[in-house]
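Asks: Pasting a predicted model and its sequence here:
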Amino acid sequence: MKANQLSLAQSQAVVLWLPVAALATVYGSITLSWVVYRVHLAELVTQLGFAPTFAPQLLLIETLLAIALEPLAGRLSDQTQQRQRNRFPLIWVGAALTAALFAIIPLLVTNIGATQPNGSIRWLVPVLLILWAIAIGILRSPALALLRHYAATVRLPQAASLLTLAAGLAGAVTPLGSAALRELGYGTTFIAVAILLLVTVACLRFFNPPSMAISGLRNTAAIRPSLLSLGLIFGIGATVTLVFRLAIEIFPKVLKAQLPDSDPPFFIGLVFLAIAAFAIPAGLIAARIGNSRAMLVGLGAIAALLVLLRLTVSSPMAIVLAIGLGIAYSLVSNGTFPLVLSVVSPRHAGLAIGLFFGGAAATASAFSIFFGKPEALSVTTGIWLGLISLLVAAICVTVLKPEHSAATG
């Protein structure tokens, strides 16, 4: 009896750090893939004779598809896990298709652009671009659902901190490295990221423990999550994404208005780097005071910083605000995966992650529709929308209560 209790206590404190680190590299690769894709998309479509406005239209189509695709992919991975004790069949399909399309698309664009830039065959490329977005959507939710297998519920925030670190570093490439990526060209960067993605997924598969080593899953009851919980998970994905999107849209506008000689991409890059730098402390804080409480602290801090944005009257103040936004958002972002994974049965981890990203995609779609043009969003409107979104996010976090504390789902 005592031996069983000791085994249970040990399992409830476990974090499989090597698999978590491998998963973080996959998440970083996925984030970097989207960064590279978005940086080069306008160049790809204009080289084929499409108008520059065609690029955001493609992105809108892709995000609309992701609203349904992400939860579907997550749910399919749950079913695969239950049947085969393995999520990797779907992960490999997504990774292989993503990498293959990353290699094929530059070749097609170069060939068609040189021979038939205005021919009907050019429409093959937008189709492949949409298929690429579908492929990476097939990969993301099933892969990140593995976090539930690698850490006990109470240790999920600490494990998730490696993912937050990787995503923050990859996200910083957009404001700080876009010029370098354009100089390298889409052919080189697409191939490089395709190789990186395959290598990181292969490492994840190598470090993934045997299914029998993942305790708790076989004995977990197949409790269906409530519609309220699923809706709140979707809501967290939508509101947390909207808050961040608004912050990085209105901050440069404030800088341009009040510090005309400033370099807005530098400050946005600083936000991403602060997210990454504070990821590990954010995980430790969440483990000490509670994940939901840490997220609420972060949401409150973001609200205060949004109100203070108009006080950006000097570069030092802008640096402080950028770092503050990064630290506050790190607390929020780091808690999202642990929260959504802890409110559903481990058997529904993929669905939970998929719904979170579905909510994020819904926000991206709505933002593109209503604020697609830079002048469509004023600083005042952005701040008020941000505060409302923060309130809704706080309600979602407060209402969602962790219910499943099996060791490593």
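Replies: Done, it's in.

Asks: Could I get the contacting residues of A286?
Replies: A286 is in contact with 157-158, 294-295, 331, 334-335, 338, counting by CB atoms under 8 Å, 6 or more residues apart in numbering. (Glycine included, C-beta is placed from N, CA and C.)

Asks: mind giving me a markdown table with the residues you listed and columns for pLDDT, distance to A133 and secondary structure?
Replies: Output for the contacts of A286, formatted as a markdown table (pLDDT from 0 to 100; distance: CB to CB, whole Å; DSSP: H, G, I helix; E, B strand; the rest coil):
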| residue | pLDDT | distance to A133 | secondary structure |
| --- | --- | --- | --- |
| P157 | 97 | 30 | helix |
| Q158 | 97 | 32 | helix |
| A294 | 98 | 32 | helix |
| M295 | 98 | 29 | helix |
| L331 | 98 | 30 | helix |
| N334 | 98 | 26 | helix |
| G335 | 97 | 27 | helix |
| P338 | 97 | 27 | helix |
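
Asks: Widest-spaced pair of those?
Replies: Greatest spatial distance among the contacts of A286 (CB to CB): Q158 and M295, at 14.6 Å.

Asks: More neighbours: which of these two?
Replies: Ranked by neighbour count (other CB atoms under 10 Å), Q158 and M295 place M295 first, with 29 against 22.

Asks: S365 versus the residue lying closest to that one once chain neighbours are set aside, what's the distance?
Replies: Distances taken as CB to CB, 6 or more residues apart in numbering place G335 nearest to M295, at 4.0 Å, with adjacent residues excluded. From G335 across to S365, the span is 24 Å (CB to CB, to the nearest Å).

Asks: who has more neighbours, the two?
Replies: When G335 and S365 are compared for neighbours, G335 comes out ahead with 31 against 19, by other CB under 10 Å.

Asks: Am I right that the more buried one is in contact with A294?
Replies: Yes - if you go by CB atoms under 8 Å, G335 and A294 touch, sitting 5.7 Å apart.

Asks: Which residues belonging to stretch 105-117 are considered buried?
Replies: Neighbour-count burial for stretch 105-117, counted by 16 or more other CB atoms under 10 Å, picks out 105-106, 108-109, 112-113.

Asks: If the nearest residue to R155 once chain neighbours are set aside is in a bridge, with which residues?
Replies: Nearest-residue entry for R155: V15, 4.8 Å, with adjacent residues in sequence omitted and distances by CB to CB, 6+ apart. In this entry, V15 is beta-bridged to A151, by DSSP bridges.

Asks: so what secondary structure elements neighbour the helix or strand hosting G354?
Replies: Per DSSP states H and E, G354 falls inside helix 349-371. Under the contact definition 3 or more CB pairs under 8 Å, 6 or more residues apart in numbering; DSSP states H and E, helix 349-371 sits against helix 54-84, helix 124-145, helix 147-150, helix 227-258, helix 315-342.

Asks: CA atoms only for the helix or strand that the longest one is followed by - export them in CSV, please.
Replies: The reference is to helix 227-258. Note on helix 227-258: by DSSP H and E, the next helix or strand toward the C-terminus is helix 264-277. C-alpha atoms of helix 264-277 as CSV (Å, rounded to 0.1, in the frame of the first residue of the first chain):
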residue,chain,number,x,y,z
PRO,A,264,8.9,50.4,-33.8
PRO,A,265,10.1,46.9,-34.9
PHE,A,266,12.8,47.1,-32.3
PHE,A,267,10.3,47.7,-29.5
ILE,A,268,8.0,45.0,-30.7
GLY,A,269,11.0,42.6,-30.9
LEU,A,270,11.7,43.6,-27.3
VAL,A,271,8.2,42.5,-26.3
PHE,A,272,8.8,39.0,-27.8
LEU,A,273,12.3,38.7,-26.2
ALA,A,274,10.8,39.7,-22.8
ILE,A,275,8.2,37.0,-23.3
ALA,A,276,10.9,34.4,-23.9
ALA,A,277,13.2,35.7,-21.1
